[in-house]
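Enquirer: what follows is a predicted protein model with its sequence.
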Number of protein chains: 2
Amino acid sequence: MTVSVREVAALAGVSLGTVSNVLNRPEKVAPATVERVQNAIAELGFVRNDSARQLRAGRSSTVGLIVLDGGNPFFTDVARGAEDAAMSKGLAVLIGNSDESTEREATYVDLFEERRVAGLLISPAGDDLARLARLRDQGTAVVLVDRRADDEHFASVSVDDVAGGRIAVSHLLAIGRQRIAFVGGPFGIRQVADRHAGALAAATAAGASLEVLRTTSLSVLEGRRIGEELQRRPAGSRPDAVFAANDLIAVGLEQAFIMRGSVVVPDEIAIVGYDDIAFAEAAVVPLTSIRQPAQDLGRQAIELLVRQVEHGQDVDLEHVEFTPELVVRQSTVRER
Amino acid sequence: MTVSVREVAALAGVSLGTVSNVLNRPEKVAPATVERVQNAIAELGFVRNDSARQLRAGRSSTVGLIVLDGGNPFFTDVARGAEDAAMSKGLAVLIGNSDESTEREATYVDLFEERRVAGLLISPAGDDLARLARLRDQGTAVVLVDRRADDEHFASVSVDDVAGGRIAVSHLLAIGRQRIAFVGGPFGIRQVADRHAGALAAATAAGASLEVLRTTSLSVLEGRRIGEELQRRPAGSRPDAVFAANDLIAVGLEQAFIMRGSVVVPDEIAIVGYDDIAFAEAAVVPLTSIRQPAQDLGRQAIELLVRQVEHGQDVDLEHVEFTPELVVRQSTVRER
DNA sequence: CTGTTAGCGCTTTCAA
DNA sequence: TTGAAAGCGCTAACAG
């Protein structure tokens, strides 16, 4: 049922070493032989067994990518960038979705490690990078995605989230808001903590308040939950602006404010999101957001990964950091 | 650098057969031995090499999933359902994104075939299923996802797209629209053709017209392009309703109508989308849509896949068909 | 309950 | 330029 090189060799009348050569180094084989072998391959419907290949060759041509939320368009864009860059380098990308859970993340790390991937791209769910450090020490290339590496253990591709938080709140201050709320969580996720830190710095410097409303995940549902809570509060004690840790939460807030309640955006509460996903522009009230170059993140991550794989343990671990950018829409400024 | 069972066996003072047993059939090994071996595994940081395992065992515990559009929330939901169901069965899911391209699809099919996946879940980009039939004949389980299998070659999990198209247009007729446009493409994608067929049947039966505006892909950008085209037409020659082949296109249409132009939704043009993605509810004008049970689709697909794997070639190929459901929002009915 | 042994399918020297 | 042979790390009989 399953055809092996041996049978191909038999049909082509050559040895199996030759078959392997036409598969991997066709230039080393006489053209006539190559053709004969390829005919045999086609006739038999031979498909090379990657497990055997990888076992013998010792190297793999797949890389793993673990994202925090497979349903978030930001991460599907990152994945898309990585996929394209990888494909052009002959690599395949296996995608794992940790769903912000360190256990799920661990499951995927194990899976990829057992598969002996050439490298791992990861947006870690927590702060414990010991597991990854071990991986890296054992020779597997690791690149942190959307997260700057503090130490020198990892290469990383990130966007300056502290700056992003600052930009968001500065914009809210600039349009005259003073009672600002930060909606997001869990704070174990670095992106959340950093965006909050930037927001707090900007608010404090301007003498504005920054209330924190914690969510258990960065999802539309959690945004809606906080939004409903907020619109039940008496109008006077509500914030006049919200900085959401990502667009999903911002969309949830809008759903609660506009569809279930009666909070006017941006008049009563202005909203800034984060990521600038494609749907931000199409939201009930088009969403002001902090744009990140998602696809570039994925592409760059593959670049660093490949460089590590090529140079082995002693590469200079690089840190690429992009700068986020404010995109103003009607959720903060009416009819621009 | 890389630790093998042999070294674990040496450290634990047992033979490597025993190590394999504690790894795969711990109940067959004396508890004391199990513990000794596990200590050795932990101490050495041994990670089992899946290539070797798979090569020897002949079976794989991963399945491939090829989706038409990795960026479409509908498919990320399908993937999520498949992932969850698979994980609970000890399977891992590799995801490939064909991006509606038959070439990209072929690349992934090859990749998965070389990896000897236990099975393949696929939303085919075209109508040529010969490649898949061969796979299936060679013993790889194949389940068509979001596409009913015509013949008896494949198991399939689908939603009745013809019915969906009928429901969408019937709704538009019921609210008094007569000049309806179908926006979607390419028609090589079965879902598009079926939704159109259902729409046409409903329109024809009611004596309404159904103009077809073709797109090159099912994306927000293509929807926006058609929307701009439409709003440039004199008001009198515009359709009074649009049925979009999916929500992405519908969102694009709204962007063009509302943000760039001056077409009032739903008064001048009513819009029905398809999939009922999470963002449909949060769109500028909340979108009426045809809901499909995306996660269930993924889950069921894994069920059928597993059944095929367990029973081999001679299973009854099952066809699970869900029925879509209309969700009415403001893009067709103002302030319900 | 534990150890020995024979490959899984492929790549890669090394000779011819 | 081609062929023969030696494993990669693991599992699964089969003996002991």
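Expert: The structure has been received and is ready for your questions. From a predicted model like this one, the values you see are computed outputs, not experimental measurements. Residues are numbered from 1 along each chain as shown, chains lettered A, B, ... in the order given.
Enquirer: show me what the longest helix anywhere in chain A is packed up against.
Expert: Longest helix in chain A by number of residues (criterion: DSSP state H): helix A:294-311. The elements that helix A:294-311 packs onto, with contact taken as 3 or more CB pairs under 8 Å, 6 or more residues apart in numbering or on different chains; DSSP states H and E, are strand A:62-67, helix A:73-87, strand A:119-122, strand A:141-145, strand A:155-159, strand A:319-322. Glycine gets a C-beta too; all of them are placed from N, C-alpha and C.
Enquirer: setting aside sequence neighbours, what's the nearest residue to the one residue in the stretch 101-250 of chain A that gets nearest to DNA strand C?
Expert: In the stretch 101-250 of chain A, the residue that lies nearest DNA strand C is residue A:116 (13.3 Å; CB to the nearest atom of the strand). Distances taken as CB to CB, 6 or more residues apart in numbering or on different chains put residue A:60 closest to residue A:116, at 5.2 Å, once the chain neighbours are dropped.
Enquirer: just the element for the closest residue to residue A:331 other than its chain neighbours, please.
Expert: Excluding the flanking residues, the one nearest residue A:331 by CB to CB, 6+ apart is residue A:271, at 4.3 Å. Taking DSSP states H and E as the definition, one finds residue A:271 inside strand A:270-275.
Enquirer: quick check: mean pLDDT of that strand?
Expert: For strand A:270-275, the mean pLDDT works out to 98.
Enquirer: partners of it, with directions?
Expert: strand A:241-244 (parallel), strand A:288-291 (parallel) (DSSP bridges).
Enquirer: give me the distance from that strand to the chain's centre.
Expert: 19 Å (CA atoms, centre = their mean, to the nearest Å).
Enquirer: I figured residue A:19 hits residue A:5, correct?
Expert: Yes. Between residue A:19 and residue A:5 there is a contact under CB atoms under 8 Å: 4.7 Å.
Enquirer: quick one: which of those two has more around it?
Expert: residue A:19 (27 against 20; other CB atoms under 10 Å in any protein chain shown).
Enquirer: how far away from the center of its chain is whichever strand or helix holds that one?
Expert: Residue A:19 belongs to helix A:16-24 when assigned by DSSP H and E. Taking CA atoms, centre = their mean, one finds the center of helix A:16-24 at 39 Å from the center of the full chain.
Enquirer: is any residue of it near chain B?
Expert: No. Shown here: helix A:16-24 not in contact with chain B (CB under 8 Å from any CB of the partner chain), separated by at least 11.4 Å.
Enquirer: so which elements touch that helix?
Expert: Counting by 3+ CB pairs under 8 Å, 6+ apart, helix A:16-24 packs on helix A:5-12, helix A:31-44.
Enquirer: okay, and for the stretch 1-150 of chain A, where does confidence drop off?
Expert: A:1 (pLDDT under 70).
Enquirer: gap between the closest residue to DNA strand D within it and residue A:54?
Expert: Nearest residue of the stretch 1-150 of chain A to DNA strand D: residue A:17, at 2.8 Å (CB to the nearest atom of the strand). Going from residue A:17 to residue A:54 by CB to CB, to the nearest Å gives 19 Å.
Enquirer: which one's more surrounded, these two?
Expert: Legend: neighbour count by other CB under 10 Å for residue A:17 and residue A:54, higher for residue A:54 (24 against 9).
Enquirer: once you drop chain neighbours, what's closest to the more buried one?
Expert: residue B:51 (4.5 Å).
Enquirer: cool, residue A:201 as well?
Expert: Distances taken as CB to CB, 6+ apart place residue A:166 nearest to residue A:201, at 6.0 Å, with adjacent residues excluded.
Enquirer: can you name every helix or strand that the helix or strand harbouring that neighbour contacts?
Expert: Assigned by DSSP H and E, residue A:166 belongs to helix A:161-174. Judged by 3+ CB pairs under 8 Å, 6+ apart, helix A:161-174 is in contact with strand A:179-184, helix A:190-205, strand A:241-244, strand A:270-275, strand A:288-291, strand A:325-327.
Enquirer: quick one: mean pLDDT for that helix?
Expert: Here the average pLDDT along helix A:161-174 is 98.
Enquirer: buried stuff in stretch A:37-44?
Expert: Going by neighbour count (16 or more other CB atoms under 10 Å in any protein chain shown), the buried part of stretch A:37-44 is A:37, A:38, A:40, A:41.
Enquirer: show me which pair in those residues is furthest apart.
Expert: Within the buried residues of stretch A:37-44, A:38 and A:40 form the most distant pair, 7.2 Å apart (CB to CB).
Enquirer: quick one: low-confidence parts of the stretch 201-336 of chain A?
Expert: For the stretch 201-336 of chain A, the ranges with pLDDT under 70 are A:261, A:313-314, A:336.
Enquirer: dump the residue contacts of the residue in it positioned nearest to DNA strand C.
Expert: Taking CB to the nearest atom of the strand as the measure, the stretch 201-336 of chain A has residue A:309 as its residue closest to DNA strand C, at 15.2 Å. With contacts defined as CB atoms under 8 Å, 6 or more residues apart in numbering or on different chains, residue A:309 is in contact with A:118, A:119, A:141.
Enquirer: just the buried residues of stretch A:37-44 now: which is nearest DNA strand C?
Expert: The closest of the buried residues of stretch A:37-44, once distances to DNA strand C are taken by CB to the nearest atom of the strand, is residue A:41, at 10.0 Å.
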